[in-house]
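Engineer: Sequence first, predicted model second:
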Protein chains: 2
Amino acid sequence: MPTDKNIELTISDGHASAPPKAAKKILDVAYDLFYRRGIRAIGVDEIVKRAGVTKPSLYRSFPSKDELAASYLRQYDLEYWERFDEAVAAHPGDPRAQIKAFLTRIGKRTQVADYRGCGMTNAAVEYPDHSHPARVVSEANKQELRRRLRAMAVEMGAQDPDTLGDGLLLLIEGAYISGQLFGLGGPAQAVSRNADLLIEASLKK
Amino acid sequence: MPTDKNIELTISDGHASAPPKAAKKILDVAYDLFYRRGIRAIGVDEIVKRAGVTKPSLYRSFPSKDELAASYLRQYDLEYWERFDEAVAAHPGDPRAQIKAFLTRIGKRTQVADYRGCGMTNAAVEYPDHSHPARVVSEANKQELRRRLRAMAVEMGAQDPDTLGDGLLLLIEGAYISGQLFGLGGPAQAVSRNADLLIEASLKK
DNA sequence: ATGTATACGTACCGATCGGTAACATTGTCA
DNA sequence: TGACAATGTTACCGATCGGTACGTATACAT
């Protein structure tokens, strides 16, 4: 869900002036529609209609639909790391518990009807072209996720931290995808358990 | 890559007559374009152009673009289980080796530039609506994958076979997705190693 | 009150979307 | 050669796509 924080960081780059109010409504609506139904599936007409604004307003705040999609993902990115940091902050100095908290949360999120997975992952699937503005944001987010997981694997004292970090990433991505593929009762509910088994098997003896 | 086998099973349902030749060219081209660039990203005009046929020919063989996409996935499904069964047949009676062979193959496939992941997974991301013809095929394929993996986990003598089977599925889906997200050197290359660790940790002692 | 800038709306653009009607042409087998 | 099925040709449909030219309203400062 979109929040109101840091909107000005994502919609209008550069100049520090306050953004038009229409831009916030547009981004909020675009966030919701892009996430739930996909970026390619949503036209700008539907966005402006649901936002109660007009098309020129959209194009005054965003240079193109592709850039609006990138802005949506930048907002998604902010909220993603907020959730991640919450799990980390809940267990200071205990990376294994941090991971477990994050994965338990993911496992729970996937167990709702019409779960739509990770907006970053979905956007990358929709736009295979690496130069697409939305994909650039998506790839950066995933690189950062990999970096953090590998760092936590080091902290945990894994025998091969890169392998464990990557294994955790695979489980996480698998949970995002299978969550939207299987719905309730799908494999994603087992992500935390499997991660725990994998971590246990990967620690130095 | 599309093969020529079993085309008649996927393009025209019901009557057992040989399919028109244009239909095969159309399906081959659609297979390639849908897989590499996405279903929503490709218009029927581009398909018929690349296939060297005309639009009416497409709509004589396929009732709609959505059904053509479903036919593409049915073909994908056939080839998917061919690859799976190859890995199984290579190690009779040894499910752990079967899994390892299948995952090693996936790990290798992901390590090429512009890898595009699993066509089934991608289609599900593109079409969140569960009633979409393409998604119906995709979900059936994934259900079958889950069934097989859980059955193999039983054969392997896992303590909790459902959890292990689901864990393997998560790793596999993670490999598909991260393969296209990270490109060369990504986490997907560690899928076989992590699966092996997970299996080892999941067996009855 | 009046200028000035900024935000917004009406109406429109060409291109492309998926899909079709009507008819001409081809290849094949009897 | 006749007959039939498959394909091609051309032109078209309404809807939607992303995007814009241009006029209007509103706010604020002087």
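Structural biologist: Noted; the coordinates are in hand. Residues are numbered from 1 along each chain as shown, chains lettered A, B, ... in the order given.
Engineer: Who are the packing partners of the strand or helix carrying A:Leu198?
Structural biologist: Using DSSP states H and E, the element containing A:Leu198 is helix A:191-202. Using 3 or more Cβ pairs under 8 Å, 6 or more residues apart in numbering or on different chains; DSSP states H and E as the contact test, the elements touching helix A:191-202 are helix A:95-110, helix A:161-182, helix B:161-182, helix B:191-202. In this view, the C-beta of every residue, glycine as well, is placed from N, C-alpha and C.
Engineer: what does the shortest one rub up against?
Structural biologist: I take that to be helix B:191-202. A:163-164, A:166-167, A:170, A:194, A:197-198, A:200-202, B:96, B:99-100, B:103-104, B:106-107, B:110, B:153, B:156, B:158-160, B:163-164, B:167-168, B:171-172, B:174-175 (Cβ atoms under 8 Å, 6 or more residues apart in numbering or on different chains).
Engineer: Just the buried residues of those residues.
Structural biologist: For the contacts of helix B:191-202, a burial check counting by 16 or more other Cβ atoms under 10 Å in any protein chain shown picks out A:163-164, A:166-167, A:170, A:194, A:197-198, A:201-202, B:96, B:99-100, B:103-104, B:106-107, B:110, B:153, B:156, B:158, B:160, B:163-164, B:167-168, B:171-172, B:174-175.
Engineer: how much space between A:Ala188 and DNA strand C?
Structural biologist: Going from A:Ala188 to DNA strand C by Cβ to the nearest atom of the strand, to the nearest Å gives 31 Å.
Engineer: For that residue, report the pLDDT, please.
Structural biologist: pLDDT, A:Ala188: 97.
Engineer: That one contacts A:Val112, doesn't it?
Structural biologist: No: the pair A:Ala188 / A:Val112 is not scored as a contact, 10.7 Å apart, by Cβ atoms under 8 Å.
Engineer: ok, those two, which is more surrounded?
Structural biologist: Comparing A:Ala188 with A:Val112 by neighbour count (other Cβ atoms under 10 Å in any protein chain shown), the higher total belongs to A:Ala188, at 33 against 11.
Engineer: Quick one: residues contacting that one.
Structural biologist: A:Ile106, A:Gly107, A:Thr110, A:Gln111, A:Gly174, A:Ala175, A:Tyr176, A:Ser178, A:Gly179, A:Phe182, B:Leu170.
Engineer: now do A:Asp162
Structural biologist: Applying Cβ under 8 Å, 6+ apart, the residues near A:Asp162 are A:Arg150, A:Ala153, B:Ala190.
Engineer: now swap in A:Ser178 and tell me
Structural biologist: A:Ser178 neighbours (Cβ under 8 Å, 6+ apart): A:Thr110, A:Gly186, A:Pro187, A:Ala188, B:Lys142, B:Leu169, B:Leu170, B:Glu173.
Engineer: From A:Asp45, how far off is the nearest residue in space to the last one that is not next to it in sequence?
Structural biologist: Computed as Cβ to Cβ, 6 or more residues apart in numbering or on different chains, the closest residue to B:Glu173 that is not its neighbour in sequence is A:Gly174, at 4.0 Å. Distance of A:Gly174 to A:Asp45, given as Cβ to Cβ, to the nearest Å: 36 Å.
Engineer: Check A:Leu203 too.
Structural biologist: 54 Å.
Engineer: more neighbours, those two?
Structural biologist: A count of neighbours by other Cβ under 10 Å puts A:Leu203 above the other of A:Leu203 and A:Asp45, at 13 against 10.
Engineer: Quick one: name the residues of chain A near DNA strand D.
Structural biologist: A:Ile42, A:Gly43, A:Val44, A:Asp45, A:Glu46, A:Lys55, A:Pro56, A:Leu58, A:Tyr59, A:Ser64, A:Lys65, A:Asp66 (Cβ under 7 Å from any atom of the strand).
Engineer: With respect to DNA strand D, which of those residues is nearest?
Structural biologist: A:Gly43 (2.7 Å; Cβ to the nearest atom of the strand).
Engineer: Check the closest one and give its pLDDT.
Structural biologist: 97.
Engineer: for A:Ala113, same thing?
Structural biologist: Here, the pLDDT recorded for A:Ala113 equals 89.
Engineer: go on, A:Asp13?
Structural biologist: So, for A:Asp13, pLDDT stands at 36.
Engineer: Next secondary structure element downstream of the helix or strand bottoming out on mean pLDDT in chain A?
Structural biologist: Of all helical and strand segments in chain A, the minimum by mean pLDDT, DSSP states H and E falls on helix A:7-10, at a mean of 34. Following helix A:7-10 in sequence order, the next helix or strand is helix A:21-37 (DSSP H and E).
Engineer: Give the buried residues for that following helix.
Structural biologist: Neighbour-count burial for helix A:21-37, counted by 16+ other Cβ under 10 Å, picks out A:22-35.
Engineer: Dump those residues to JSON lines, plus pLDDT and distance to A:His91.
Structural biologist: Converted to JSON lines, the buried residues of helix A:21-37 look like this (pLDDT from 0 to 100; distance: Cβ to Cβ, whole Å):
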{"residue": "A:Ala22", "pLDDT": "82", "distance to A:His91": "41"}
{"residue": "A:Ala23", "pLDDT": "88", "distance to A:His91": "38"}
{"residue": "A:Lys24", "pLDDT": "91", "distance to A:His91": "34"}
{"residue": "A:Lys25", "pLDDT": "92", "distance to A:His91": "37"}
{"residue": "A:Ile26", "pLDDT": "95", "distance to A:His91": "38"}
{"residue": "A:Leu27", "pLDDT": "95", "distance to A:His91": "33"}
{"residue": "A:Asp28", "pLDDT": "95", "distance to A:His91": "32"}
{"residue": "A:Val29", "pLDDT": "96", "distance to A:His91": "36"}
{"residue": "A:Ala30", "pLDDT": "97", "distance to A:His91": "35"}
{"residue": "A:Tyr31", "pLDDT": "97", "distance to A:His91": "29"}
{"residue": "A:Asp32", "pLDDT": "97", "distance to A:His91": "31"}
{"residue": "A:Leu33", "pLDDT": "97", "distance to A:His91": "35"}
{"residue": "A:Phe34", "pLDDT": "98", "distance to A:His91": "32"}
{"residue": "A:Tyr35", "pLDDT": "98", "distance to A:His91": "28"}
